[in-house]
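**Student:** Output the structure for:
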Amino acid sequence: MSTTLTIRIDDDLERRLDRVADESGQTRSDVVREALRRHLGILQFEQLRRKAMPFAEAQGLLTDEDVFRDVS
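**Tutor:** This next block holds a predicted model:
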């Protein structure tokens, strides 16, 4: 099941969207759906990271390198 969402975008963003859709052989809707999925994933990751940071800092994990070092 799908829902229709109507948004307003400026002329420059529309041109960029059309260019990417044409170059990739996708529809504008496909490009927007994928961009929204990616952006929402990034936002979700950032929210989870903010929640986890106090626990990580308490363990001495202050940077990504600290995490990679301990996980590797």
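**Student:** mind listing what's buried in stretch 7-22?
**Tutor:** Buried residues in stretch 7-22, counting neighbours by 16 or more other Cβ atoms under 10 Å, are found at A21. To be clear about C-beta, it is placed using only N, CA and C from the backbone, and glycine gets the same treatment.
**Student:** Tell me how far stretch 7-20 lies from the chain's centre.
**Tutor:** Computed by Cα atoms, centre = their mean, to the nearest Å, the separation of stretch 7-20 from the middle of its chain amounts to 18 Å.
**Student:** which residues are contacting stretch 26-36?
**Tutor:** With Cβ atoms under 8 Å, 6 or more residues apart in numbering as the test, stretch 26-36 has contacts from 17-18, 20-21, 24.
**Student:** how does it look with 6 Å?
**Tutor:** Stretch 26-36 is contacted from outside by 17, 20-21, using Cβ atoms under 6 Å, 6 or more residues apart in numbering.
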